[in-house]
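Asker: Build me a structure from this.
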Amino acid sequence: MTACVACEKRAMTIPRRALVGITAAVLGLAGCASKNEDILQFLREHEHEVSAIEYRVGVPDSVEVSAPRAREIDGVTQRIQPDGKITLRLLGDVKVVGMTAKEMAAKLQVLLSRYYVDPKVSVRVVEYASKKYYVAGVPDSPGPKAYTGRDTLMDAALRAGLNFKCWTSQTKVIRPGPTPEDVTTIRVDVDRMIKTGDWSGNILLEPNDVVYIPPTPLAWAGLRLRELLFPFTPVQNVYQGPAELMRTQDKYDNRDGD
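Answerer: Predicted coordinates:
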C-alpha cells in the first residue's frame, strides 16, 4: 500500500509541474502577443515549401505538358493566350487560366481519354509571368519580379542584390489592400536574419507585395547631396566634353605614328 501511495503522489506531482510550465509558457506568449500581432498576418510557417502547387496560372504564363502516351502533346510548351487558353494538337483550344498545374493535368487527362486508354499527363509552369512582386529602394536590382508562389522576403532581398547603401535592418514589406486603410506594412530586420540565422521573420510574399529596402542615413545624405549638385553636372560636362573629344581626335590622328 505504501508503494501505491508513493506512486499516486508522483502521478499527481508531475501534472502539477507540467501545468505550471504550460501556464508560464502561455503567459509568456501573451506578453509577446502585441509584438507579434502584425507579423502573424504575414507568416505562414513552412507554407513556402509547398505553396507552388497552389499557384494558379494566368496570362502570359508558359506551361509544359508531359504525356508519354500521347506523342501529339508530349513535351509541348505553350504560352497562355490572352483568352486564357492554350492550343494543343489533337485537343485544340483548352482553357486553363486560373488553374493549378494539377488541375490542368487532370483536365487534359479527361480530354485525352477520348483517344487513349488511361493517359498519364503532368503539367508544370516553366515561366512565371502573370503575377509580380516589387522591390524598391536602393538594392542593385530593384523593380518588378516574377512571383512563383514560394517567394520569401529573404529571396527577394538577396536576388535584388544588397549593397553598402541598403539599410537592411529597416526593410519593409508593404501589402496592398482594396482601400488605403487596408494597406499593411511591417518592418523586418533582414540584417539580423542574415547574421543570426533566425528566419522566424522570413515572410512569404504575396502577389503585388512591395519590398522596400531604404538607404542608410549616410547613403541617404549622399543621395541628397547628389541631387543638390545635379544642376551643376551638365555645366561640368560642357567643359569636359570638347576636351575629351579633342584628346580622342589627337589620338586618332597620331595612330600611324604609334
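
Asker: so what's the residue nearest to Thr216 when sequence neighbours are not counted up against?
Answerer: Among residues not flanking Thr216 along the chain, Trp167 sits closest, at 4.4 Å (C-beta to C-beta, 6 or more residues apart in numbering). Backbone N, C-alpha and C define where each C-beta goes, glycine included. By C-beta atoms under 8 Å, 6 or more residues apart in numbering, the residues touching Trp167 are 213-217, 219.

Asker: Which two among these are spaced furthest apart?
Answerer: Across the contacts of Trp167, the longest distance by C-beta to C-beta is 14.1 Å; it joins Ile213 and Pro217.

Asker: Which one's more surrounded, the two?
Answerer: Neighbour comparison, Ile213 and Pro217: the larger count goes to Ile213, with 24 against 9 (by other C-beta atoms under 10 Å).

Asker: Could you give the bridge partners of the more buried one?
Answerer: Following DSSP bridges, Ile213 is listed with bridge partners Gly137.

Asker: Per-residue pLDDT of the residue nearest to Thr216, please?
Answerer: On pLDDT, Trp167 comes in at 96.

Asker: Could you do Cys32 as well?
Answerer: In this model, Cys32 is scored at 46, pLDDT.

Asker: Can we start the residue count at 85 from this point?
Answerer: With 85 as the first residue, the last one maps to Cys116.

Asker: low-scoring pLDDT stretches of the stretch 135-284 of the chain, where are they?
Answerer: Applying pLDDT under 70 to the stretch 135-284 of the chain picks out residues 135-137.

Asker: Where do the helices of the stretch 185-334 of the chain begin and end?
Answerer: Remark: helices assigned in the stretch 185-334 of the chain by DSSP state H, counting those that start in this stretch are 185-196, 237-244, 274-280, 301-313, 317-337.

Asker: which strands and helices sit next to the first one?
Answerer: Spelled out, that is helix 185-196. Packing partners of helix 185-196 (3 or more C-beta pairs under 8 Å, 6 or more residues apart in numbering; DSSP states H and E): strand 146-150, strand 176-179, strand 206-211.

Asker: just the fourth one next, same as before
Answerer: Other helices and strands packing on helix 301-313, by 3+ C-beta pairs under 8 Å, 6+ apart, are absent; none qualifies.

Asker: Quick check: the gap between Pro228 and Val257.
Answerer: 15 Å (C-beta to C-beta, to the nearest Å).

Asker: So the two - more neighbours on which side?
Answerer: Neighbours were counted for Pro228 and for Val257 using other C-beta under 10 Å; Val257 has more, 22 against 11.
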